[in-house]
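# Sequence first, predicted coordinates after that:
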Amino acid sequence: MKNGRFARAQRMPILNSILAIVVMLVVLQLWLLTASTNAYLGGDEQTALPAAFVSCICLLLNVGLLRYLYRLD
Amino acid sequence: MTSGISSEPGTPSQTVPPDRASRENQPRWRKDFPIDWAEADYVSRRDLIKYVVLTSGAFAVGQAYIVWKTLQAKAQSLYPRSLIAGLEELPVGGAKTFTYPEGSTPRLLVRTGPEEFVAYDQQCTHLQCPVVPKVSEGKIHCPCHNGWFDLKTGAPTAGPPRRPLPRVLLDVQGQAVYAVGVESKTL
């Protein structure tokens, strides 16, 4: 039985893929936060802004994927 | 004893909550952490994605906090220009300690050549022992744990220290040496 664009069997791999991508992005953010905290405590001021920019892009991607997930239902 | 196990024949045993109210009337935390295995609701993948995205937001906020602290530190790091030594005061190979800015930890000024000076924080980046310049060897030595730094760059070369010595920026004008800033980049 179809619900929207995708059948239930099709939605499961999409859901799993979204979960995998979101987890990967969060792991990247964790690494960025660890590295930039280390750099900040070491007095390096050059890494904070690019790291924050990339982290915000990761957040936007995650929010976008979550939004897509809501629209999928 | 305020709770127990119901033992009606034919039904699986179920823990009775302390207030003996029905499951629907229990507080949220008790529904989330039930005693009985059968009542446990596993977190769905959708909920897990929501939590992970929430964590992502927390990481982004942490990152923004670091940017804010960096900008705050930049605003506060306006160093004055300060006279720290005269040229005739130090022979080549000589060193003196000074504080810059006033009230800072001790700094070390070393004359490495007729017109060449370097200045670093005098505290070792390992455990804050005072470091000693070895000008003839081109090194700075920390006698506490046998740490070594390069005299020209302040970078650690041997021993336990892993971070360079914070460098004081100098300006040699005429017969005087001025401190104009501190480069605390230690990575």
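Yes, it's here.

# Which parts of chain B belong to which domain?
When chain B is parsed with automatic domain parsing, its domains come out as B:16-76, B:82-183.

# Run through the residues of chain A sitting next to chain B.
Within chain A, the positions near chain B by Cβ under 8 Å from any Cβ of the partner chain are A:15-16, A:18-19, A:22-23, A:25-26, A:29-30, A:32-33, A:36-40, A:42-45, A:48-49, A:51-52, A:55-56, A:58-59, A:62-63, A:65-66, A:69. C-betas here are computed from N, CA, C, even on glycine.

# Kindly write the PyMOL command that selects the buried subset of those residues.
Buried residues within these, by 16 or more other Cβ atoms under 10 Å in any protein chain shown, are selected in PyMOL with:
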select buried, chain A and resi 15+18+19+22+23+25+26+29+32+33+36+37+39+40+42+43+44+45+48+51+52+55+58+59+62+65+66+69
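
# so of the residues of chain A next to chain B, which ones are in strands?
Using DSSP state E, no member of those sits in strands.

# show me what contacts the closest residue to residue B:90 other than its chain neighbours?
Nearest residue to residue B:90, sequence neighbours excluded (Cβ to Cβ, 6 or more residues apart in numbering or on different chains): residue B:111, at 4.4 Å. By Cβ atoms under 8 Å, 6 or more residues apart in numbering or on different chains, the residues touching residue B:111 are B:90, B:91, B:92, B:93, B:94, B:95, B:117.

# mind listing what residue 69 touches?
By default, I'm working from chain A. With contact taken as Cβ under 8 Å, 6+ apart, residue A:69 is in contact with A:15, A:18, B:46, B:49.

# if you could check chain B rather than the one you did, that'd help
Contacts of residue B:69 (Cβ under 8 Å, 6+ apart): residue A:40.

# and it, that one's in a strand?
No. Under DSSP: H, G, I helix; E, B strand; the rest coil, residue B:69 sits outside any strand and is assigned helix.

# phi, psi of residue B:149?
When read as degrees, to the nearest 10, the backbone of residue B:149 gives phi -130, psi 150.

# Repeat that for residue B:106.
Main-chain torsions, residue B:106, degrees, to the nearest 10: phi -60, psi 140.

# now swap in residue B:132 and tell me
Dihedral angles for residue B:132 - degrees, to the nearest 10 - are phi -120, psi 130.

# my guess is it contacts residue B:146, does it?
No. Applying Cβ atoms under 8 Å, one finds residue B:132 not in contact with residue B:146, separated by 11.6 Å.

# surely residue B:74 meets residue A:45?
Yes. Assessed by Cβ under 8 Å, residue B:74 is found in contact with residue A:45 at 6.5 Å.

# which residues of chain A fall in helices?
A:8-41, A:48-72 (DSSP state H).

# of all the ones you listed, which lies closest to residue B:67?
Nearest to residue B:67 among the helices of chain A is helix A:48-72 (4.7 Å), distances taken as Cβ to Cβ.

# centre of the chain versus the closest one, how much separation?
5 Å (Cα atoms, centre = their mean, to the nearest Å).
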